[in-house]
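1. Predicted model follows, preceded by the sequence.
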Amino acid sequence: YRDGEPIVYDSGDYPGALQKALDAIGGVEAFRRRQTEVRGEGRYLGLGIGCYIEGTGVGPFESAFVRIDPSGKVYVTCGAAPQGQGMETIFAQIVADLWKVKPDDVVLYFADTASIAIGFGTMASRSTVTASAAMHQASAKLRDKVFAIAANVLECSPADLELREGGVGVVGVPGATLSLIKIAQAARPGWENPRPPGVEAGLEEIAYWQPPTVTWSYAVHAAIVEVDRDTGRVAVQNYAVAHDCGVVVNPLLVEGQIMGGAVQGLGGILGEAIAYDANGQLLSGSLMDYALPIAADIPPMAIVHQHSPSPLNPLGVKGVGEGGAVAPPVAVANAVCDALAPFGIEINATPVRPEEIVRFLRSR
């Protein structure tokens with residue numbers, strides 16, 4: 001990865017991730033004992049690991065427009081575009097936390113040029129990093145204005161205020177609270193609305209987050225496989241992932257992305273291939289011929305979260321969308337090599353083809 005900036009891994013515990021992934025599949029020593037035992041029975045088990053690090057949250061910018069409506073709801077428009085990642089849930093959580101409102105009181109619009117002038121879009125595991133930072137930046141500017149108006153109504157200093165329970169209140173004084181509805185009404189244009197001098201009407205701000213460089217996500221994948229010497233078939237018995245995407249906004253969605261990516265990676269090493277005959281005719285052009293993994297192919301999968309907040313954005317988040325698919329081919333290939341170590345096999349291409357394993361073993 002190159003963006004003109006020196007590469008500095010912003011946060012993480014890489015040895016810790018390796019140890020946690022190995023612990024999650026039962027530990028190396030216990031596996032080696034089991035491997036030795038079953039090898040005497042003519043069975044071949046192998047342990048493999050695959051590590052990756054990925055630059056995420058790439059620039060050059062992302063945009064967010066935040067507006068508080070007279071209904072008290074927080075409207076947010078963003079240049080990122082959902083593709084099934086769960087953005088609606090994640091950004092509703094983030095904005096609700098920023099404004100101390102319920103997620104149901106956050107209304108989101110994405111990638112609509114009728115709602116926002118410019119955005120950069122969704123790609124490269126960047127949206128949670130860049131869009132959330134833009135929302136944070138716009139909200140911070142708007143919060144100053146909200147506090148100024150609330151302080152004028154409550155007759156106190158803005159420094160004495162805090163966001164709480166869908167409104168603004170005086171710190172340490174539970175009863176002195178002004179709802180966002182009343183603040184939005186006070187912010188409307190007109191001489192009758194109590195805005196302080198110099199504060200313009202309306203409650204809306206736009207911000208463009210421009211990251212200085214990428215944040216670095218990483219993970220360790222560990223796989224235990226069994227190779228059938230007679231058929232060359234590879235069965236994944238156990239699988240674990242220790243990953244770090246900084247602050248985890250929604251653990252369920254993060255695990256879904258990691259598992260989904262890992263399944264895609266397992267498909268790439270176990271069966272998926274674009275095959276042609278000698279005349280260049282595509283042989284794997286349908287799902288009858290292209291070997292996508294099915295549920296029965298997927299092993300038990302343990303996910304271990306590491307939390308190393310990135311110092312490069314306000315929320316400490318890192319990208320997670322693509323990383324799950326990177327390491328499985330390496331982990332499984334290494335596990336096959338470990339299982340068949342007595343025969344000196346090396347796997348350097350995907351997928352692992354049973355017929356090639358059988359051919360190799362017969363030559364020994």
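-> Nice, thanks for sending it over.
2. now the helices for the protein?
-> Per DSSP state H, the chain carries helices over the ranges 14-24, 28-39, 87-99, 127-154, 180-186, 251-270, 328-339, 354-362.
3. could I get those as JSON lines with distance to G59?
-> Yep, even glycine has a C-beta here, placed from its N, CA and C like the rest. Output for the helices of the chain, formatted as JSON lines (distance: least, C-beta to C-beta, whole Å):
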{"stretch": "helix 14-24", "distance to G59": "25"}
{"stretch": "helix 28-39", "distance to G59": "40"}
{"stretch": "helix 87-99", "distance to G59": "19"}
{"stretch": "helix 127-154", "distance to G59": "7"}
{"stretch": "helix 180-186", "distance to G59": "32"}
{"stretch": "helix 251-270", "distance to G59": "22"}
{"stretch": "helix 328-339", "distance to G59": "29"}
{"stretch": "helix 354-362", "distance to G59": "43"}
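4. P314 is nearest to which of those helices?
-> Proximity to P314 (C-beta to C-beta) singles out helix 127-154 among the helices of the chain, at 4.4 Å.
5. which of the residues in the closest one are buried?
-> Neighbour-count burial for helix 127-154, with 16 or more other C-beta atoms under 10 Å as criterion, is recorded at 127-139, 142-143, 145-154.
6. which other helices and strands contact that helix?
-> Judged by 3 or more C-beta pairs under 8 Å, 6 or more residues apart in numbering; DSSP states H and E, the packing partners of helix 127-154 are strand 62-68, strand 74-78, helix 87-99, strand 161-164, strand 167-170, strand 177-179, helix 180-186, strand 204-209.
7. closest one to P328 among the ones you listed?
-> Nearest to P328, of all those, is helix 87-99, at 24.5 Å by C-beta to C-beta.
8. Tell me how far the residue sitting nearest the centre point of the chain lies from Q85.
-> Nearest to the geometric centre of the chain sits V320, at 2.5 Å (C-alpha atoms, centre = their mean). Distance of V320 to Q85, computed by C-beta to C-beta, to the nearest Å: 9 Å.
9. Now for the two: what residues contact both?
-> Listed as contacting both V320 and Q85 by C-beta atoms under 8 Å, 6 or more residues apart in numbering are Q257.
10. what's S11 sitting at in phi/psi?
-> S11 adopts backbone torsions of phi -170, psi 160, taken as degrees, to the nearest 10.
11. can I assume V352 is in contact with A335?
-> No: with contact defined as C-beta atoms under 8 Å, V352 does not reach A335; the gap is 9.8 Å.
12. So between these two, which is more surrounded?
-> Neighbour totals were compared for V352 and A335, and A335 leads with 30 against 22 (other C-beta atoms under 10 Å).
13. Can you report how many residues neighbour the nearest residue to I347 once chain neighbours are set aside?
-> Excluding the flanking residues, the one nearest I347 by C-beta to C-beta, 6 or more residues apart in numbering is A333, at 4.0 Å. Applying other C-beta under 10 Å, we find 24 residues neighbouring A333.
14. dump the residue contacts of A333.
-> The contact partners of A333, by C-beta under 8 Å, 6+ apart, come to 48, 269, 347-348, 350, 352.
15. Derive a ChimeraX selection command for the buried subset of the residues you listed.
-> The following ChimeraX line selects those of the contacts of A333 that are buried, judged by 16+ other C-beta under 10 Å:
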select :48,269,347,350,352
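16. Out of the contacts of A333, flag the one nearest to N238.
-> Nearest to N238 among the contacts of A333 is G48, at 11.3 Å by C-beta to C-beta.
17. Please tell me I have it right and the closest one contacts A331.
-> Yes: counting by C-beta under 8 Å, G48 does reach A331; the two are 4.7 Å apart.
18. what's the overlap in contacts for the two?
-> Shared contacts of G48 and A331, counting by C-beta under 8 Å, 6+ apart, come down to 222-223.
19. And the helices of the chain: which comes nearest A278?
-> Ranking the helices of the chain by proximity to A278 (C-beta to C-beta) places helix 354-362 first, at 17.4 Å.
20. Using the record's domain definitions, break this protein down for me.
-> Per automatic domain parsing, the structural domains of the chain span 14-55+217-362, 62-209.
21. OK, contacts around the closest residue to the residue nearest to the centre of the chain other than its chain neighbours?
-> Among residues not flanking V320 along the chain, C245 sits closest, at 4.0 Å (C-beta to C-beta, 6+ apart). Applying C-beta under 8 Å, 6+ apart, we find C245 in contact with 56, 217, 254, 317-320, 323.
22. among those residues, who's most crowded?
-> When neighbours are taken as other C-beta under 10 Å, the top entry among these is K318 (32 neighbours).
23. Test my guess that that residue contacts S127.
-> No: K318 is not in contact with S127 according to C-beta under 8 Å; the separation is 11.8 Å.
24. okay if I get the contacts of A333 as TSV plus distance to R34 and pLDDT?
-> Formatted as TSV, those follow (distance: C-beta to C-beta, whole Å; pLDDT from 0 to 100):
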residue	distance to R34	pLDDT
G48	15	97
I269	23	94
I347	22	90
N348	27	88
T350	27	91
V352	22	93
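25. Could I get the buried residue list for stretch 234-244?
-> 234, 236, 238-244.
26. returning to that earlier point: so for G167, which of the helices of the chain sits nearest?
-> Of the helices of the chain, nearest to G167 by C-beta to C-beta is helix 180-186, at 5.5 Å.
27. Good, we can wrap up now.
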